[in-house]
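A.B. asks: Sequence below, structure please.
(one chain, ligands or ions: 1)
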Amino acid sequence: MTPATAARLYARAFPASRPWSADEFARLMADAHVILCGDTSAMVIARIALDEAEILTLATDPDLRRQGLARTVLQSCEDRLRARHVQSVFLEVAADNMAAQALYKGFGYSLVGERPNYYRRNDGTAVAALVLRKALVMI
Ligand SMILES: CC(C)(COP(=O)(O)OP(=O)(O)OC[C@H]1O[C@@H](n2cnc3c(N)ncnc32)[C@H](O)[C@@H]1OP(=O)(O)O)[C@@H](O)C(=O)NCCC(=O)NCCS
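C.D. replies: Predicted structure coming up:
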């Protein structure tokens, strides 16, 4: 996975939002506290801070959805976070993103907060972010 292919996948997965540039992905990939799981089909990126982590993005190529790819990369990401002694994971998801919310619910994430008007869409509308958290059980 290169910064350019990550940027391409992101742009395909989030057509209504500001794209993240290849330079932004390059900076993330160079950060020792950031992990990226997946490939050009599906990816998840998380940043670690002490014993907590934040999922920065998760995306599956639109042509490859509902095949279990997001589940696979999220599981792999959580396994790597556990190996880095992360105990809890946070993320933000748009209040109208029912697909992602269903995925996270299935993984045991629960609602801990809400940020009104958090996401600005290209069409000028805003939507709230739900803040979700999961405690990672050490295996
Ligand atoms: C959300 C997203 C990552 C799911 O990717 P995916 O590879 O299609 O997901 P999976 O096939 O692994 O699905 C796992 C579970 O998530 C839920 N899910 C996924 N897509 C769904 C949909 N369209 N509607 C309802 N539930 C859905 C289901 O519970 C599904 O399990 P099931 O197929 O056994 O019912 C994908 O739709 C995507 O990239 N969306 C745009 C980017 C985005 O919203 N990212 C999350 C930002 S927080």
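
A.B. asks: And the helices in this protein?
C.D. replies: Using DSSP state H, the helices found in the chain span residues 3-13, 22-29, 69-83, 98-106.

A.B. asks: Please produce TSV containing those, extended by distance to the ligand and mean pLDDT.
C.D. replies: Placement of C-beta: from N, CA and C, glycine included. TSV is the format used below for the helices of the chain (distance: least, CB to the nearest ligand atom, whole Å; pLDDT from 0 to 100):
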stretch	distance to the ligand	mean pLDDT
helix 3-13	4	97
helix 22-29	15	98
helix 69-83	3	97
helix 98-106	3	98
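
A.B. asks: Can you add mean neighbour count and distance to residue 90 and give those back as a markdown table?
C.D. replies: Compiled in a markdown table, those are given as follows (neighbours: other CB atoms under 10 Å; distance: least, CB to CB, whole Å):
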| stretch | mean neighbour count | distance to residue 90 |
| --- | --- | --- |
| helix 3-13 | 18 | 20 |
| helix 22-29 | 16 | 17 |
| helix 69-83 | 18 | 11 |
| helix 98-106 | 14 | 11 |
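
A.B. asks: Quick one: closest of these to residue 137.
C.D. replies: helix 69-83 (8.3 Å; CB to CB).

A.B. asks: which residues are contacting the closest one?
C.D. replies: The contact list for helix 69-83, computed with CB atoms under 8 Å, 6 or more residues apart in numbering, reads 35, 37-38, 41-44, 46, 48, 53, 55, 58, 60, 89, 103, 106-107, 136, 138-139.

A.B. asks: Let's see that with 7 Å instead.
C.D. replies: 35, 37-38, 41-44, 46, 48, 53, 58, 60, 89, 103, 107, 136, 138-139 (CB atoms under 7 Å, 6 or more residues apart in numbering).

A.B. asks: circling back: take the helices of the chain and lay them out in CSV including distance to residue 112.
C.D. replies: CSV is the format used below for the helices of the chain (distance: least, CB to CB, whole Å):
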stretch, distance to residue 112
helix 3-13, 25
helix 22-29, 24
helix 69-83, 17
helix 98-106, 12
